[in-house]
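Chemist: test case, fold it:
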Amino acid sequence: MAKKFYDKQHLKFLLFELFKVDQLCEYSYYEEHNRETLEMVIDAAEELSEKHLKPYLEEMDRNEPYLKEGEVVVHEKVKDIINAFAEGGWLSAVFPFKDEGQQLPHMLSFAASFIFSAANYSGSVYSYLTTGAANLIRAFGSQALKEQFIPKMLEGSWQGTMALTEPEAGSSLSDITTTAYATSSDFFLLKGQKIFISAGDHNGVENIVHLMLARTEGAPKGVKGISLFVVPKKRLEEGKLISNDVKTVGVFHKMGYIGAPIVHLMLGENEDCRAYLVGEENKGLLYMFQLMNEARIGVGLNATSIASAAYHASLEYAKERKQGRSVANKQIEEEQVDILKHADIKRMLLFQKSIVEGSLSLLMQCAYYTDILKVAEGEEYEKASLLLDLLTPIAKSYPSEKGCLTTSAALQIHGGYGYCKDFPVEQFYREARIHPIHEGTTGIHAIDLLGRKIWLEQSKGYQYLLEEIKVTIEQAREYELLSNYAVSLKQKLQLLENTTKVLHKTFRHEGAEAMLADATLYLELLGTISIAWQWLKIGIKASEKLTTKLKDSDKAFYEGKIYTLYYYYEYELPNTIVLSQRLCDDDRLTLYVEDRHF
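Modeler: Predicted structure coming up:
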């Protein structure tokens, strides 16, 4: 097992040098924190990971959850992991003090989550699912629901979930059929089924609390008729937990992410599944979007975490594995060299580093906007809100898609050994693949981005993003190490603007279907430019540091940032040219090709 799974120095660089998280402490909302306490959060997250998560990474992958007598059996350490999260206050870390939270900045919560997921993705998800579900009840539930469910969830004895998907609906939530029937009491009776429910049942806790979407009887069709309910696996009656007619009928067998079960639930087979309405009827999707948007950015963070673990495993291997000799020196009597000396290995490592560190920076940008929403007003609030909304599909999808490629590169560096279970990268490769799928596929987020978010409020969020990137470009032009790359990003940004105008024209003349035919390519285009923006921001800070007196290890760290920026601009950013060319072409291949042609 690789010794290192994330770069602590880079994480602190992002937090304290690039985004200056400690400056948030100047706001009254965050004034209880300071640089020292924030650094302690990172140390505590690392300590928990080293003790409770990383040691069981492979075990949880090798020992798949299984269904036994109506309950899912998971790895014996799951209960300890959940308890460690609860006792450390991680489940409510970002909640306000009044709700038993710590009012921790989201940037620090993201940083901790990144560490946890890099150490053991499957082990980390249980607790964050509970946090999301408890937060929904906290935000929209009645006082009775809050008192009944949140304390048990935050102490780690009850698991929380998000239950949306159904067999015949998939990502099309407007087609869900699970139905809630009103009663004369304070609950509805639910009937239906849900699939692909993460941690939807397991023996690591005494109860499961589902935040579930369903339709009330007679509700309008489509998304306007969806309501949100709390549906526990067991309900309290006379102080005892009894069955709530929620039955686990299957556990899905997955290629990765094996340590956390994904289950199929049947609801109300005995006409006794009680569901408790959250907020008002027919507003369920509006409420659920709070959790979904958090979860979507979380998916991008998890993808980046796994890619980070794979990168560090392949870097460690490349430093130790000796094979071949320099192409300029084929003398057989010469000793073999570390494969890190080979140019192609360096290329694959730079590819991984550029995606992992650039994606993490973009995710921290999103966390920064989330924090600003807690303390800002007026135009500053509006700007942060629109930018966060615009960047969410990119922050979810770009790291997810590219993470599959970077973990593949990590496996390639290991050669044949990478394909075997002797090394962890084959597990990372399998676990990476879920992220472009769950919480909305890449195609769905691409349509959301190009079909809706680019044009919201007369494209105000899009214009804000262009302005932010242009400010960074102008700043970078002042640095000799970056001036050429500032010009390059300016050219690609113009390419983006031109492409967006062409697509708007396509919409006016040919309709939405033509504009959205290659929406996934547009998401990749904007994603690539967004990461280039982050690398230019990183480059500015690194350039500033390199003008000061540094010890050798720190100098190498900042020089590494510059070289990785160079790689991204020379190898990845040019892809925008081909993407733009395809998007601006009026040949609608994917529309006119017919079923019979396949």
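Chemist: and the helices in the stretch 301-450 of the chain?
Modeler: Per DSSP state H, counting those that start in this stretch, the stretch 301-450 of the chain carries helices over the ranges 343-375, 378-414, 425-432, 442-448.
Chemist: let me see the mean pLDDT of the shortest one.
Modeler: Averaging pLDDT along helix 442-448 gives 96.
Chemist: give me whichever of the helices of the stretch 301-450 of the chain is most buried.
Modeler: Highest mean neighbour count among those (mean count of other C-beta atoms under 10 Å): helix 425-432, with a mean of 25. All C-beta atoms are positioned from the backbone trio N, CA, C, and that covers glycine.
Chemist: show me where pLDDT drops low in the stretch 101-250 of the chain?
Modeler: Along the stretch 101-250 of the chain, the model assigns pLDDT under 70 to residues 170-172.
Chemist: Three-state assignment for residue 254, please.
Modeler: coil (DSSP: H, G, I helix; E, B strand; the rest coil).
Chemist: about what we covered before: can you list the helices of the stretch 301-450 of the chain in CSV and add distance to residue 195?
Modeler: Formatted as CSV, the helices of the stretch 301-450 of the chain follow (distance: least, C-beta to C-beta, whole Å):
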stretch, distance to residue 195
helix 343-375, 28
helix 378-414, 21
helix 425-432, 20
helix 442-448, 17
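Chemist: residue 168: which of those helices is closest?
Modeler: helix 442-448 (17.0 Å; C-beta to C-beta).
Chemist: re earlier: ok, which of the helices of the stretch 301-450 of the chain comes nearest residue 497?
Modeler: Shortest distance between residue 497 and these, using C-beta to C-beta, is found for helix 378-414: 14.7 Å.
Chemist: quick one: mean pLDDT for that closest one?
Modeler: Computed over helix 378-414, the average pLDDT equals 97.
Chemist: that one vs helix 425-432, what angle?
Modeler: With axes from the mean of the first three to the mean of the last three C-alpha atoms, to 10 degrees defining the directions, helix 378-414 sits at 140 degrees from helix 425-432.
Chemist: what's the angle from helix 378-414 to helix 343-375?
Modeler: 160 degrees.
Chemist: hang on, the earlier thing: closest to residue 239 out of the helices of the stretch 301-450 of the chain?
Modeler: The nearest among these, by C-beta to C-beta, is helix 343-375 at 38.2 Å.
Chemist: show me what the closest residue to residue 278 other than its chain neighbours is bridged to.
Modeler: Once flanking residues are discounted, residue 278 sits nearest to residue 228: 4.3 Å by C-beta to C-beta, 6 or more residues apart in numbering. Taking DSSP bridges as the rule, residue 228 bridges to residue 213, residue 278.
Chemist: roughly how far apart are residue 228 and residue 194?
Modeler: 13 Å (C-beta to C-beta, to the nearest Å).
Chemist: give me the common contacts of those two.
Modeler: Jointly contacting residue 228 and residue 194 under the rule C-beta atoms under 8 Å, 6 or more residues apart in numbering are residue 212.
Chemist: ok, residues contacting stretch 451-467?
Modeler: 382-383, 386-387, 389-391, 393, 493, 497, 500, 504, 512, 515-516, 519, 530.
Chemist: repeat for stretch 360-373
Modeler: Against stretch 360-373 from outside (C-beta under 8 Å, 6+ apart): 10-11, 14-15, 18-19, 21, 24, 30, 105-107, 109-111, 114, 297, 300-301, 304, 308, 380-381, 384-385, 387-388, 391-392, 394-395, 398-399, 530-531, 534-535, 537-538.
Chemist: report the residue ranges of every domain in this protein.
Modeler: According to automatic domain parsing, the chain comprises the domains 8-154, 158-282, 441-591.
Chemist: which one in the protein is furthest away from the centre?
Modeler: The centre of the chain is farthest from one residue, residue 333, which by C-alpha atoms, centre = their mean lies 49.5 Å away.
Chemist: local confidence estimate at it?
Modeler: So, for residue 333, pLDDT stands at 71.
Chemist: kindly list the main-chain dihedrals of residue 247?
Modeler: phi -120, psi 130 (degrees, to the nearest 10).
Chemist: how near is it to residue 353?
Modeler: 47 Å.
Chemist: roughly how far apart are the residue farthest from the centre of the chain and residue 33?
Modeler: From residue 333 to residue 33 the distance is 61 Å (C-beta to C-beta).
Chemist: next one: residue 347
Modeler: 41 Å.
Chemist: over to residue 263?
Modeler: With C-beta to C-beta as the criterion, residue 263 and residue 33 are 38 Å apart.
Chemist: same question, residue 565
Modeler: With C-beta to C-beta as the criterion, residue 565 and residue 33 are 31 Å apart.
Chemist: of these two, who's got more company?
Modeler: Neighbour totals were compared for residue 565 and residue 33, and residue 565 leads with 27 against 20 (other C-beta atoms under 10 Å).
Chemist: so that one sits against residue 535, correct?
Modeler: Yes: at 4.5 Å, residue 565 and residue 535 qualify as touching, with contact defined as C-beta atoms under 8 Å.
Chemist: in stretch 529-548, what's buried?
Modeler: Under the neighbour-count criterion of 16 or more other C-beta atoms under 10 Å, stretch 529-548 has 529-540, 542-543, 545-546 buried.
Chemist: could you measure residue 586 against residue 592, distance?
Modeler: Distance from residue 586 to residue 592, by C-beta to C-beta: 12 Å.
Chemist: next one: residue 209
Modeler: Distance from residue 209 to residue 592, by C-beta to C-beta: 49 Å.
Chemist: more neighbours: which of the two?
Modeler: residue 209 (24 against 9).
Chemist: that's a helix at that one, yeah?
Modeler: No: remark: residue 209 does not belong to a helix; assigned using three-state DSSP, it is strand.
Chemist: quick one: it from residue 255, how far?
Modeler: Relative to residue 255, and taking C-beta to C-beta, residue 209 is found at 28 Å.
Chemist: and if you look at residue 571?
Modeler: 29 Å.
Chemist: so between those two, which is more surrounded?
Modeler: Using other C-beta under 10 Å, the more surrounded residue of residue 571 and residue 255 is residue 571, with 13 against 10.
Chemist: show me what contacts the residue lying closest to the more buried one once chain neighbours are set aside?
Modeler: Excluding the flanking residues, the one nearest residue 571 by C-beta to C-beta, 6+ apart is residue 351, at 7.1 Å. Neighbour list for residue 351: 405-406, 409, 567, 571-572 [criterion: C-beta under 8 Å, 6+ apart].
Chemist: got these as TSV, with distance to residue 461 columns?
Modeler: What follows is the contacts of residue 351, written out as TSV (distance: C-beta to C-beta, whole Å):
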residue	distance to residue 461
405	28
406	28
409	33
567	30
571	29
572	24
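Chemist: just flag the most distant two among those residues.
Modeler: Every pair of the contacts of residue 351 checked by C-beta to C-beta; the farthest is 405 and 567, at 14.3 Å.
Chemist: element containing residue 258?
Modeler: Using DSSP states H and E, residue 258 sits within no helix or strand.
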